[in-house]
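Chemist: build the 3D model from these lines:
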Amino acid sequence: MNIQAPVTDANAVPLETLDMSDPTRFQDDTIWPFFARLRKEAPVHFCQNGMWGPFWSITRYNDIMTVDTSHQVFSSEPTITLFEPPKELLMPMFIAMDQPKHDEQRKAVQGIVQPPSLAKLEGLIRERVIEILEGLPKGEVFDWVPRVSIELTTRMLATLFDFPFEDRKLLTYWSDTATMIIRTPEDLAFREAEMQKCLAYFVKLWNERVNAPPANNLISMLAHNPATKNMGPREYLGNILLLIVGGNDTTRNTISASLYYLNKNPGEYDKLRKDPGLIPNMVAETIRYQTPLSYMRRTAKTDFELGGKTIKAGDKVAMWFISGNRDDAVFEDPDRYWIDRPNARRHMSFGFGIHRCMGNRLGELQLKILWEELLKRHPRVDVVGEPQRVLSAFVHGYSSLPVRIPA
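Modeler: Here you go, the predicted model:
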């Protein structure tokens, strides 16, 4: 599959050929005028020749909410991305399941991110944040993404899994591999081979935990819960990857985005330095403005009327959270990064209904603590070049962000 360089003028593309699943627009950061055009001219938009086949784009806030909360009409099965591998390579996971199985499996692990568990984790997160920040160089350029964003979230993930700490970089690698763009059969074969290595490692951990008393880590929870203890290998792998990607990609990309956007908006950065009490709202505004997962896919179970269009049973539907978060019907001046925005928490980055992000509080807690400690130690961190963005229409993230802490 060849990815063509996309046209960057939003009005130069005939509406019927506009394919928002093209990852190059996300990597080039040229998506915004295209989404603005769709919200205005075709908020329920059908693309016949998408990169992964025909699909509907839902781009307005209220329409997205309708799709995301209509569980009887829109199914999360068989997968939540527009790319659909051959049946034998599908990895069932609870985010890509409907009720009641979704609810049962989610319940097996959600205790680890409930308030009592978070209260215990808070001290550990702060300790690690301080250690990471105090190890950063001053007066020289370094890459914020691996040194801070990835390091903090990967340590957290290793803790949640009780994963061997010295091997924690494998978690980042598997997360990136699981969400890589599949362009050729060779790409798919490579990903599958790496996922089998991931499965083998986690099977070893499962076998240790299933024969030990139940413990407060994700593998033990899956191994001992009646809803998950009899999963087949691909379902176990699917749920492990869901927890890795969900616990890693989203938080790490918001950490990078917060520093980037504060640098792009120095008035907002000054505001934050003067009033660190704004940190929680700044975190919510960054999650809105960045939208770490651009979309989720659903599949229509029956015909459904939306915005004057008929979505047919079997059609793929992309709920573009990244577009809903810039809908001016909900957010005043939506393209402005505004850290004390009154309704920043109305963002849709966590989704709605039964599939609302399970780890949202943990992600927010890591960001809050990071900024509390960062402002104390390094009130200024300068971004010294443009970030490198990930080639993906699904994960909206950064692979690199060059920064310098003034000497």
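
Chemist: after whatever helix or strand residue 176 lives in, next one along is what?
Modeler: Assigned by DSSP states H and E, residue 176 belongs to helix 169-178. Using DSSP H and E, the next helix or strand after helix 169-178 towards the C-terminus is helix 185-210.

Chemist: buried ones in that next one?
Modeler: In terms of neighbour count (16 or more other Cβ atoms under 10 Å), helix 185-210 has its buried residues at 188, 191, 194, 195, 198, 199, 201, 202, 205, 206, 209. Just so you know, the C-beta spots here come from the backbone N, C-alpha and C atoms, and that holds for glycine as well.

Chemist: who does it touch, helix- and strand-wise?
Modeler: helix 169-178, helix 218-224, helix 233-264 (3 or more Cβ pairs under 8 Å, 6 or more residues apart in numbering; DSSP states H and E).

Chemist: tilt between the last one and helix 185-210?
Modeler: What it means is helix 233-264. 110 degrees (axes from the mean of the first three to the mean of the last three Cα atoms, to 10 degrees).

Chemist: what are the contacting residues of the helix or strand that helix 233-264 is followed by?
Modeler: Downstream of helix 233-264, the first helix or strand assigned by DSSP H and E is helix 266-274. Residues from elsewhere that reach helix 266-274 (Cβ atoms under 8 Å, 6 or more residues apart in numbering): 261-263, 278-279, 282, 337-340, 371, 375, 379.

Chemist: give the buried residues for the helix or strand that helix 266-274 is followed by.
Modeler: In the C-terminal direction, the helix or strand that comes right after helix 266-274 (DSSP H and E) is helix 279-290. Across helix 279-290, burial judged by 16+ other Cβ under 10 Å covers 279, 281, 282, 283, 284, 285, 286, 287, 288, 289, 290.

Chemist: same for helix 279-290, what does it pack against?
Modeler: Counting by 3+ Cβ pairs under 8 Å, 6+ apart, helix 279-290 packs on helix 233-264, helix 266-274, helix 360-377.

Chemist: wait, which of those is closest to residue 318?
Modeler: Comparison of these against residue 318 by Cβ to Cβ identifies helix 233-264 as nearest, at 17.7 Å.

Chemist: would you mark the buried spots in the closest one?
Modeler: 234-263.

Chemist: how about stretch 211-228?
Modeler: Buried residues in stretch 211-228, counting neighbours by 16+ other Cβ under 10 Å, are found at 217, 218, 219, 220, 221, 222, 223, 224, 225, 227, 228.

Chemist: now tabulate those in a markdown table and tack on distance to residue 310 and pLDDT.
Modeler: Listed next are the buried residues of stretch 211-228 as a markdown table, based on distance: Cβ to Cβ, whole Å; pLDDT from 0 to 100:
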| residue | distance to residue 310 | pLDDT |
| --- | --- | --- |
| 217 | 47 | 95 |
| 218 | 41 | 96 |
| 219 | 45 | 96 |
| 220 | 47 | 97 |
| 221 | 42 | 96 |
| 222 | 40 | 96 |
| 223 | 45 | 96 |
| 224 | 46 | 97 |
| 225 | 41 | 96 |
| 227 | 36 | 95 |
| 228 | 38 | 96 |
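
Chemist: of the residues you listed, which is the nearest to residue 103?
Modeler: Nearest to residue 103 among the buried residues of stretch 211-228, with distances taken as Cβ to Cβ, is residue 227, at 8.8 Å.

Chemist: for the helices and strands packed on helix 185-210, which one sits closest to residue 326?
Modeler: Using Cβ to Cβ, the nearest of the helices and strands packed on helix 185-210 to residue 326 is helix 233-264, at 13.7 Å.

Chemist: now do the contacts for residue 246.
Modeler: By Cβ under 8 Å, 6+ apart, the neighbours of residue 246 are 95, 357, 358, 359.

Chemist: which of the residues you listed lies closest to residue 157?
Modeler: residue 359 (10.1 Å).

Chemist: isn't that closest one up against residue 249?
Modeler: No. Counting by Cβ atoms under 8 Å, residue 249 is not a contact partner of residue 359; they are 11.2 Å apart.

Chemist: thinking again about what came up before, adding pLDDT and distance to residue 63, write the contacts of helix 266-274 out as a markdown table.
Modeler: Formatted as a markdown table, the contacts of helix 266-274 follow (pLDDT from 0 to 100; distance: Cβ to Cβ, whole Å):
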| residue | pLDDT | distance to residue 63 |
| --- | --- | --- |
| 261 | 98 | 26 |
| 262 | 98 | 31 |
| 263 | 98 | 33 |
| 278 | 98 | 31 |
| 279 | 98 | 32 |
| 282 | 98 | 28 |
| 337 | 98 | 24 |
| 338 | 98 | 24 |
| 339 | 98 | 28 |
| 340 | 97 | 28 |
| 371 | 98 | 33 |
| 375 | 98 | 38 |
| 379 | 96 | 42 |
